[in-house]
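Task: produce atomic coordinates for the following.
(3 chains)
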Amino acid sequence: MAHSGINVLFEGRNLIRLFGGLWTTVEIAAVALVLGLILGVILGVLRTFPNRLLRLVLRLYLEFFRIVPTVVLLFLFYYILPKQLGVNMPANQVATLVFALWTAAEMSDIVRGALISVPKHQRESGMAIGLNRLQLYRYVLIPQAVSLELPATINLVTRVIKTTSLLMLISVMDVINVGQQVVEANNQKYPTGVFWVYGIIFVMYFAIDYPLSWWAKRMDKKRLERANG
Amino acid sequence: MAKQVIKVEHLEKYYQKDHILHDINFSIDQGEVVALLGPSGSGKSTLIRCLNGLEPYQNGTVTFNGDQVVPTEKNWQKLRQKIGMVFQSYDLFPNLTVLDNILLGPVKVQKQSRETAKAAAEKLLDQVGLREYENVYPRQLSGGQKQRIAIVRALALNPELMLFDEVTASLDPEMVRGVLNIISKLAQDSDMTMIVVTHEMNFAQQIADRVLFLEDGKILEQTKGDQFFKQPQTDRAKEFLESMDF
Amino acid sequence: MSSWQIIQQSLPLFEKGFVLTLWLSFLGIIGSIIVGLICSLLKYFRVPVLSQIAAVYVEISRNTPLLVQLFFLYYAFPVFGFKLNAELCGIIGLIFLGGSYMAEGFNGGFDGVAKTQVETGKAIGLSRIQLARYVVFPQGFTLSVPALAANIIFLIKETSIFTVIAIPELTNTALDLIGMYYRSNEYLLVLVIGYAIILIPLSIILTLLEKRVRYGAFGN
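Predicted coordinates for the structure are as follows:
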């Protein structure tokens, strides 16, 4: 019977396994985000410094991560780290590293964009009262940039979470990989089970990302209203 | 007796919980020039925007040419052809040339032929001394020139009432006079009915037949122009004039 | 065999993958722009029912990964009798994803048109449709160009995910070759160069286009 396929979710430990896979996904995303956002802020600040060489290097770093698709990045690190650099990391850690570096690249551009859009006279007024560069960033530029960049940062978070769907490609036991196994193991008994398994994974991603993007959108809208008076 | 162009009765405006306009009543006859004065935040701009439907009001009525306005978007859209408005930010459409900015209303809204409308537009451009700019884009104009074009754009619809909302407030000082001269000339030569919100007291004194003085969303006094500047009736208006160095 | 020979021998296969990536991207981008524009117009004109449907679609599409969308199309739908070949699934999936991104891009542009411009338009008596045609759309399209350009790049990169349903595009070609010959360095190098050949010139062209369009409409 076609519609009884939903029972595949309640068969044995299937549902628990799926949530276990989701936990792996969330864990990797969370660690990568924390590391990547911190590194991204630092790189973003550095990109507003006058040193040209530094700016060029960081720009190239960004462009590399922008141009190479994330799938390809994952495989690059997955194959090249152990082979060329002799670093043997479990796939989970490789993925975390890739996502962190990618997040940092994107974040550095968000931070830089927000910092340079703080009006010039704010920077000058800060210098005029004798703040040094660190103080200028700490008390004047970064606080103002944060409110500008927050929606973009949240959107970046949702992108990273969506991109974790690629984990299965390098054999991480994420929610999709677990899902595939569940589908295969139950294919005989529940021929329509595939619909429900991928259906619940679909819902899981939506349930995590939708509230975040709703929040970002609301902030953007409020800012637009303020800007328009 | 002159024809009454616009009449406002018991107008009330709220913005969320804030009471912006309180029981506004006045009427304006054909050819009359009324200056709307008052301190910042007194509700002048809000009031003038209510008069062409850009701000909704919660109570009271606006009557235009003897017909009470039923305040739907559709009705306002029709009326706006007869009520020209010029804004502080001039807002020429950057994607259109000067001439196309001016012709948009007459040709698309009023369905005049392009030739007729163009002839009329060029005449108006001559009057403001900008005929040679008809094919340039707004970005090539100075603020004062843009504002003059914005006035022409509003006049091109042949309105019966003109609303000027702080039209010189974002101009450099040396541009102000040119724009004000055009408005003065319009008042003298064409018998245009006008409501002017401004902070230029000399200008207001020069053109206003009558002054409405607003504070905190209330009309505190309505006085003949020459009298208001010499002998305002209320202390608040006196203080206001003093604060404006008048 | 030397690395160079390995690469040379693989080039015909990569060329096929390259062409397929370009072709699928092209169709996906065109489809996404059409779907996105329709959704955005439905929203702008507040078309009853349809605009709500479009809004729900946009949220679902934007907040789920392409990979899961593809799995759904390719593995889950056939159980109910909708069997599509992989390429078609890929294009439909990409348009399903890209449509919402493009819709958001257009929306952002239309919303970004200054409120004072809209008011001035109203003040000269323009109707809602005239306002859209002469004021909001010309300026809004210009404002949305950077977002659309970013989406184009994004969608091209997303085609790499097609590898999961075994479409022989660039990434899939590389992974297959690695699986067969274990020469990951060489094949990954070609793969990265393949994307660079598409994306570097394209992003330069798009940046120039952004500047031109912007100057055309706003003069700065």
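
Quick one: the helices in the chain, in order.
No chain specified, so I'll use chain A. For chain A, the helices defined by DSSP state H occupy A:14-46, A:52-67, A:70-85, A:91-116, A:120-128, A:133-135, A:142-163, A:175-186, A:193-227.

nope, chain C
C:3-44, C:50-62, C:66-71, C:86-112, C:115-123, C:128-131, C:137-158, C:170-181, C:184-218.

So which elements touch the first one?
In terms of contacts (3 or more CB pairs under 8 Å, 6 or more residues apart in numbering or on different chains; DSSP states H and E), helix C:3-44 is packed against helix C:50-62, helix C:86-112, helix C:137-158, helix C:170-181, helix C:184-218. No exception for glycine: its C-beta is placed from N, CA and C like everyone else's.

which sections of chain B are below the confidence cut-off?
Applying pLDDT under 70 to chain B flags the ranges B:1.

Look at the closest residue to residue A:199 other than its chain neighbours and report its pLDDT.
Using CB to CB, 6 or more residues apart in numbering or on different chains and skipping residues adjacent in sequence, the residue nearest residue A:199 is residue C:76, 7.0 Å away. On pLDDT, residue C:76 comes in at 87.

Next, work out how far apart residue C:76 and residue C:84 are.
12 Å (CB to CB, to the nearest Å).

Same check on residue B:229?
80 Å.

Mean neighbour count for the helices of chain A - can I get that in TSV?
Converted to TSV, these look like this (neighbours: other CB atoms under 10 Å in any protein chain shown):
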stretch	mean neighbour count
helix A:14-46	19
helix A:52-67	15
helix A:70-85	18
helix A:91-116	22
helix A:120-128	12
helix A:133-135	11
helix A:142-163	19
helix A:175-186	21
helix A:193-227	17
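
Deepest-packed of the helices and strands packed on helix C:3-44, please.
Among the helices and strands packed on helix C:3-44, helix C:86-112 has the highest mean neighbour count (mean count of other CB atoms under 10 Å in any protein chain shown), at a mean of 22.

helices or strands next to it in the packing?
Applying 3+ CB pairs under 8 Å, 6+ apart, one finds that helix C:86-112 contacts helix C:3-44, helix C:50-62, helix C:66-71, helix C:137-158.

With distance to residue A:212 and mean pLDDT added, can I get the ones you listed in TSV?
Listed next are the helices and strands packed on helix C:86-112 as TSV, based on distance: least, CB to CB, whole Å; pLDDT from 0 to 100:
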stretch	distance to residue A:212	mean pLDDT
helix C:3-44	21	95
helix C:50-62	11	96
helix C:66-71	17	94
helix C:137-158	18	94
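
I'd like to know which of these is closest to residue A:105.
The minimum distance between residue A:105 and the helices and strands packed on helix C:86-112 falls on helix C:137-158, with 13.5 Å, by CB to CB.

Is that closest one positioned near chain A?
Yes. Looking at helix C:137-158 against chain A by CB under 8 Å from any CB of the partner chain, the contacts come from C:153, C:157-158.

I'd say residue B:161 and residue B:155 touch.
No. In this structure, residue B:161 is not within contact of residue B:155 by CB atoms under 8 Å, at 11.6 Å.

which neighbours do these two share?
Listed as contacting both residue B:161 and residue B:155 by CB atoms under 8 Å, 6 or more residues apart in numbering or on different chains are residue B:84.

got the helices and strands packed on helix C:3-44 as JSON lines, with distance to residue B:71 columns?
Below are the helices and strands packed on helix C:3-44 laid out as JSON lines (distance: least, CB to CB, whole Å):
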{"stretch": "helix C:50-62", "distance to residue B:71": "25"}
{"stretch": "helix C:86-112", "distance to residue B:71": "25"}
{"stretch": "helix C:137-158", "distance to residue B:71": "27"}
{"stretch": "helix C:170-181", "distance to residue B:71": "60"}
{"stretch": "helix C:184-218", "distance to residue B:71": "34"}
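
which one of the helices of chain C lies closest to residue A:62?
helix C:184-218 (11.9 Å).

helices or strands up against the closest one?
When contacts are defined as 3+ CB pairs under 8 Å, 6+ apart, helix C:184-218 packs onto helix A:52-67, helix A:70-85, helix C:3-44, helix C:137-158, helix C:170-181.

ok, the closest residue to residue B:73 other than its chain neighbours - contacts?
Excluding the flanking residues, the one nearest residue B:73 by CB to CB, 6+ apart is residue B:53, at 7.3 Å. When contacts are counted by CB under 8 Å, 6+ apart, residue B:53 touches B:69, B:71, B:73, B:75-77, B:79-80, C:122.

ok, now residue B:25?
Contacts of residue B:25 (CB under 8 Å, 6+ apart): B:8-11, B:219.

which one of those sits closest to chain A?
Lowest distance from chain A to the contacts of residue B:25 (CB to the nearest CB) belongs to residue B:11, with 21.6 Å.

Same list (the helices and strands packed on helix C:86-112) but as TSV, adding distance to residue C:171.
Putting the helices and strands packed on helix C:86-112 into TSV (distance: least, CB to CB, whole Å) gives the following:
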stretch	distance to residue C:171
helix C:3-44	8
helix C:50-62	22
helix C:66-71	12
helix C:137-158	10
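
out of those, which comes closest to residue B:207?
helix C:137-158 (34.5 Å).

Looking at residue B:229 and residue C:84, which is more packed in?
More crowded of residue B:229 and residue C:84, by other CB atoms under 10 Å in any protein chain shown: residue B:229, with 21 against 15.

Just the buried positions in the strand or helix carrying the more buried one, please.
Per DSSP states H and E, residue B:229 falls inside helix B:225-230. Buried positions in helix B:225-230, judged by neighbour count with 16 or more other CB atoms under 10 Å in any protein chain shown: B:225, B:228-229.

can you tell me which of these lies nearest to residue A:158?
residue B:228 (59.6 Å).

so who does the nearest residue to the closest one once chain neighbours are set aside touch?
Of all residues not flanking residue B:228 in the chain, residue B:211 sits nearest, at 4.0 Å (CB to CB, 6+ apart). When the contact criterion is CB under 8 Å, 6+ apart, the partners of residue B:211 are B:34-37, B:204, B:221-225, B:228-229.

Need the three-state assignment for residue B:211.
What DSSP: H, G, I helix; E, B strand; the rest coil gives for residue B:211 is strand.

now residue B:184
What three-state DSSP gives for residue B:184 is helix.

Could you measure from the residue nearest to it when sequence neighbours are not counted over to chain A?
Among residues not flanking residue B:184 along the chain, residue B:207 sits closest, at 5.4 Å (CB to CB, 6+ apart). Distance of residue B:207 to chain A, given as CB to the nearest CB, to the nearest Å: 28 Å.

mind checking how far residue B:207 is from residue B:144?
Relative to residue B:144, residue B:207 is positioned 18 Å away (CB to CB).

Residue B:123: which element?
Short version, using DSSP H and E: residue B:123 is in helix B:114-127.

which residues are contacting that helix?
Residues outside helix B:114-127 that contact it (CB under 8 Å, 6+ apart): B:98-99, B:102-103, B:106-107, B:110, B:131, B:133-134, B:152, B:155-156, B:182, B:185.

Next, count neighbours for residue C:80.
Residue C:80, neighbours per other CB under 10 Å, totals 10.

Let's check: the centremost residue of chain B is which one?
Geometric centre of chain B, nearest residue: residue B:163, 1.6 Å, by CA atoms, centre = their mean.

For that residue, name its beta-bridge partners.
residue B:85, residue B:195 (DSSP bridges).

That one is in contact with residue B:88, isn't it?
No. Under the criterion of CB under 8 Å, residue B:163 makes no contact with residue B:88, lying 11.8 Å away.

pLDDT at the residue sitting nearest the centre point of chain A, what is it?
For chain A, the residue nearest the mean C-alpha position is residue A:160 (2.4 Å; CA atoms, centre = their mean). pLDDT for residue A:160: 94.
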